[in-house]
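Participant: Let me see the structure of the following:
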Amino acid sequence: MSMLIKGASQWARQLTRPLVASRNFAAAAPYGDGSEVLVERLDGPRQGISVIGLNRPAAKNSFSRGMVETFNDVLEDIKKDNGSRVVVLRSLSPGIFCAGADLKERKGMSPEEATEFVKELRGLLIAIEQLPMPVIAAVDGAALGGGLEMALACDIRTAASDTKMGLVETRLAIIPGAGGTQRLPRILSPALAKELIFTARVFNGAEAKDLGLVNHVVEQNESKDAAYQQALKLAEEILPNGPVGVRMAKLAIDKGMQVDLATGYSIEEICYSQVIPTKDRLEGLAAFAEKRKPVYKGE
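Facilitator: Residues are numbered from 1 along each chain as shown. You can find the predicted model right below:
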């Protein structure tokens, strides 16, 4: 058994522990300095959806050292909060999703400091990617450079038709260094990813949908949150389903994409074995027999 299969097995066992919320977030709870990253746990019929809101409008939500540190704290909390069944990542600044790294701050960094910062940013996006629950990026404004790299780290992407996107790093004589050179060719194709990165092309949301980069594109509304509203609709479709099953499906897909098909089948088998002993599976069978909606508890 390969190390990847062993790792998938260990992670699968961890993700099938009873899904009980470990922290109650207040609505729009602040982190760090209380303004740059906000977390809101929705209630009512949307209970189980956690919304991460980026709120650094003066800097176009660009990544500073402080914001990266704060964002990591947010992700650590949500990772432990098993009551969060779906995460939606959005901007609270109309017209901008994220402009990438804070170039004003980076200008004052030494080469060593710049290298370390990019490493930390790459780690942040990996942490988004590895959250156990589905993560939906709602791109209602420009997502350039590291901003698009962040969206690529999410499982699903929605976008407003007129928003601007692009991995534009080669314009600055650098490369996408927070995972963009690896995620984009896996989402699209190596040849198409090379074209977009080499040319530093900027495209709109409708073009991103045609490329296959986003799942859904919507016309922008007056409140400038059309992609966010679409993301909520997707999250609401996910919520009724068994949370352990959803997490295991994400794990099987993510780990399986990294290996050959035969090894992928083994990973799928491991993930499937984790849902067999759950109470949710029995609830699903009972609800089907009784012709009612199942009530899943993540157990």
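Participant: In contact with the nearest residue in space to Leu211 that is not next to it in sequence, which residues are there?
Facilitator: Of all residues not flanking Leu211 in the chain, Leu188 sits nearest, at 6.3 Å (CB to CB, 6 or more residues apart in numbering). Any C-beta I mention is one placed from the backbone N, CA and C, and that applies to glycine too. Listed by CB atoms under 8 Å, 6 or more residues apart in numbering, the contact set of Leu188 reads 196, 211-213.
Participant: Also Val37?
Facilitator: Counted by CB under 8 Å, 6+ apart, Val37 has contacts 30-31, 52-55, 67, 70-71, 74.
Participant: Show me what counts as buried in stretch 218-225.
Facilitator: 218, 220, 224-225 (16 or more other CB atoms under 10 Å).
Participant: Could you tell me the end-to-end distance of it?
Facilitator: One end of stretch 218-225 to the other measures 10 Å (CA to CA, to the nearest Å).
Participant: one step back: which two in the buried residues of stretch 218-225 are spaced the farthest apart?
Facilitator: Across the buried residues of stretch 218-225, the longest distance by CB to CB is 11.8 Å; it joins Val218 and Lys224.
Participant: Tell me how many other residues surround Val168.
Facilitator: By other CB atoms under 10 Å, 22 other residues sit near Val168.
Participant: And Pro134, by the same measure?
Facilitator: 20.
Participant: Next: Phe117.
Facilitator: Neighbours of Phe117 using other CB under 10 Å come to 20.
Participant: what does the one 10 residues further on give?
Facilitator: Residues within reach of Ala127, counting by other CB under 10 Å, total 17.
Participant: same deal with the one 3 residues further on?
Facilitator: Gln130 is flanked by 15 other residues according to other CB under 10 Å.
Participant: which stretches of the chain have low pLDDT?
Facilitator: 1-34 (pLDDT under 70).
Participant: can you list the domains in it?
Facilitator: 37-239, 243-290 (the TED database).
Participant: Of all those, which one comes closest to Gly298?
Facilitator: domain 243-290 (4.3 Å).
Participant: What's the separation between Gly108 and Ser64?
Facilitator: 11 Å (CB to CB, to the nearest Å).
Participant: Show me which of those two is the more surrounded one.
Facilitator: Ser64 (17 against 8).
Participant: Isn't the more buried one up against Glu105?
Facilitator: Yes: in this structure, Ser64 is within contact of Glu105 by CB atoms under 8 Å, at 5.3 Å.
Participant: and Lys291, which of the three is it?
Facilitator: Secondary structure, DSSP: H, G, I helix; E, B strand; the rest coil: Lys291 is coil.
Participant: out of the buried residues of stretch 218-225, who's nearest Ala252?
Facilitator: Val218 (29.4 Å).
Participant: if I pick the closest one, what's in contact with it?
Facilitator: Counting by CB under 8 Å, 6+ apart, Val218 has contacts 158-161, 226-227, 229-230.
Participant: Drop anything exposed from these.
Facilitator: 158-161, 226-227, 230.
Participant: Please produce CSV containing those residues, extended by secondary structure and distance to Lys79.
Facilitator: Shown next, in CSV, are the buried ones among the contacts of Val218 (DSSP: H, G, I helix; E, B strand; the rest coil; distance: CB to CB, whole Å):
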residue, secondary structure, distance to Lys79
Thr158, strand, 23
Ala159, strand, 26
Ala160, strand, 29
Ser161, coil, 33
Ala226, helix, 29
Ala227, helix, 24
Gln230, helix, 25
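Participant: how about those residues in JSON lines, adding distance to Pro176?
Facilitator: Below are the buried ones among the contacts of Val218 laid out as JSON lines (distance: CB to CB, whole Å):
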{"residue": "Thr158", "distance to Pro176": "21"}
{"residue": "Ala159", "distance to Pro176": "18"}
{"residue": "Ala160", "distance to Pro176": "22"}
{"residue": "Ser161", "distance to Pro176": "24"}
{"residue": "Ala226", "distance to Pro176": "27"}
{"residue": "Ala227", "distance to Pro176": "22"}
{"residue": "Gln230", "distance to Pro176": "26"}
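Participant: ok, which pair from the contacts of Leu188 is furthest apart?
Facilitator: Checking the contacts of Leu188 with CB to CB, the most distant pair is Leu196 and Gly212, at 11.8 Å.
Participant: The two: who's more crowded?
Facilitator: Leu196 (23 against 11).
Participant: The buried residues of stretch 218-225 in strands, which ones?
Facilitator: Val218 (DSSP state E).
Participant: Can I get the buried residues of stretch 218-225 in JSON lines including distance to Ala114?
Facilitator: Below are the buried residues of stretch 218-225 laid out as JSON lines (distance: CB to CB, whole Å):
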{"residue": "Val218", "distance to Ala114": "37"}
{"residue": "Gln220", "distance to Ala114": "35"}
{"residue": "Lys224", "distance to Ala114": "33"}
{"residue": "Asp225", "distance to Ala114": "34"}
